[in-house]
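Novice: got a sequence here, can you build the structure:
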Amino acid sequence: MRLGGKVAIITGSSRGIGAAIARGYAEEGCRVALTVVQKEAKARELAAEIGAQVVCRLDVRDRDQLRCAHEQTIAT
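Specialist: The predicted model follows:
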């Protein structure tokens, strides 16, 4: 539990490196928020697998979406 008490917002978490990072952080005790531009269903599957409570759409170029992801993460 090296990351216990920490929170991470993982971008591109529906597949590949993003999904692997999310799994690794969750295994280390980190509370993980998953974000995707597309493939939200895949991110929801991963969330169920690792116990993530936040899944949201996020294009990091969009300030409103960034704010929303941040607020959703803090609220949980």
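
Novice: what about the longest strand in the chain?
Specialist: In the chain, with assignment by DSSP state E, the single longest strand is strand 31-36.

Novice: report the contact partners of the spatially most central residue of the chain.
Specialist: For the chain, residue 34 is the residue whose C-alpha lies nearest the centre (CA atoms, centre = their mean; 1.7 Å). Residues in contact with residue 34 (CB atoms under 8 Å, 6 or more residues apart in numbering) are 10, 13, 14, 22, 43, 46, 47, 52, 54, 55, 56. Placement of C-beta: from N, CA and C, glycine included.

Novice: report the contact partners of the residue nearest to it when sequence neighbours are not counted.
Specialist: Counting by CB to CB, 6 or more residues apart in numbering, residue 34 lies nearest to residue 13, which is 4.0 Å off, once chain neighbours are set aside. Residues in contact with residue 13 (CB under 8 Å, 6+ apart) are 19, 21, 22, 32, 34, 35, 36, 43, 46.

Novice: please spell out the ChimeraX selection for the buried subset of the residues you listed.
Specialist: Burial among these is assessed by 16 or more other CB atoms under 10 Å; the matching ChimeraX selection reads:
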select :19,21,22,32,34,35,36,43,46
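
Novice: can I get the contacts of residue 13 in CSV with distance to residue 62?
Specialist: Compiled in CSV, the contacts of residue 13 are given as follows (distance: CB to CB, whole Å):
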residue, distance to residue 62
19, 22
21, 22
22, 21
32, 21
34, 17
35, 11
36, 13
43, 17
46, 22
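
Novice: which one of the contacts of residue 13 sits closest to residue 69?
Specialist: residue 35 (5.5 Å; CB to CB).

Novice: what about the nearest residue to the closest one once chain neighbours are set aside, neighbour count?
Specialist: Leaving out its chain neighbours, the residue that sits closest to residue 35 by CB to CB, 6+ apart is residue 58, at 3.7 Å. As a burial measure, residue 58 scores 23 neighbours (other CB atoms under 10 Å).

Novice: about what we covered before: from the contacts of residue 34, which ones fall inside strands?
Specialist: 10, 54, 55, 56.

Novice: closest one of these to residue 76?
Specialist: Nearest member of the ones in strands among the contacts of residue 34 to residue 76, counting by CB to CB, is residue 54, at 5.5 Å.
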